[in-house]
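**Q** Starting from these lines, generate the structure:
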Amino acid sequence: MFFDARNYAGAARVLDGLVEEVPEQTGPRLLLARAYYHSAQLHRAEAELRLIVERDPVESYARLMLGRTLQRQGRHEEAATHLRIASALAGEFDEV
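**A** From the prediction side, this is the model:
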């Protein structure tokens, strides 16, 4: 509902409470990171995404979002690493 209304800050407030209740679940944390990303809370998004990647290094969507978050912060070199990993995990390999 919040995402449909593009109320990302509102979504973040709701999802933050949910993540506190079920901190081990990846789904709510990914949604929280997306809400932070879309509401330009990039440092918070990065923190959530790094936690997910630390727990599950092959979570390709978290890698993709982390790369995009780092790009928005102007950290392109660091972002490139995560974007390459996300592509590889998704089976998207550059042809040689």
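**Q** I'd like the next helix or strand past the lowest-mean-pLDDT helix or strand in the chain.
**A** Lowest by mean pLDDT, DSSP states H and E among the helices and strands of the chain is helix 8-21, with a mean of 91. Beyond helix 8-21 on the C-terminal side, the first helix or strand identified by DSSP states H and E is helix 26-38.
**Q** can you tell me the helix or strand for the most centrally placed residue in the chain?
**A** Against the mean C-alpha coordinate of the chain, by Cα atoms, centre = their mean, the closest residue is Met65 at 3.9 Å. Per DSSP H and E: Met65 is located in helix 60-72.
**Q** So which residues lie in contact with that helix, not counting its own?
**A** 26, 30, 33-34, 37, 42, 45-46, 49-50, 52-53, 56, 76, 78-83, 85-86, 89-90 (Cβ atoms under 8 Å, 6 or more residues apart in numbering). Just so you know, the C-beta spots here come from the backbone N, C-alpha and C atoms, and that holds for glycine as well.
**Q** do stretch 40-53 as well
**A** Outside stretch 40-53, the residues touching it (Cβ under 8 Å, 6+ apart) are 9, 12, 19, 26, 29-30, 32-34, 36-37, 59, 62-63, 65-66, 69-70, 72-73, 82.
**Q** which parts of that stretch are buried?
**A** For stretch 40-53, burial by neighbour count (16 or more other Cβ atoms under 10 Å) applies to Gln41, Leu42, Arg44, Ala45, Glu46, Glu48, Leu49, Leu51, Ile52, Val53.
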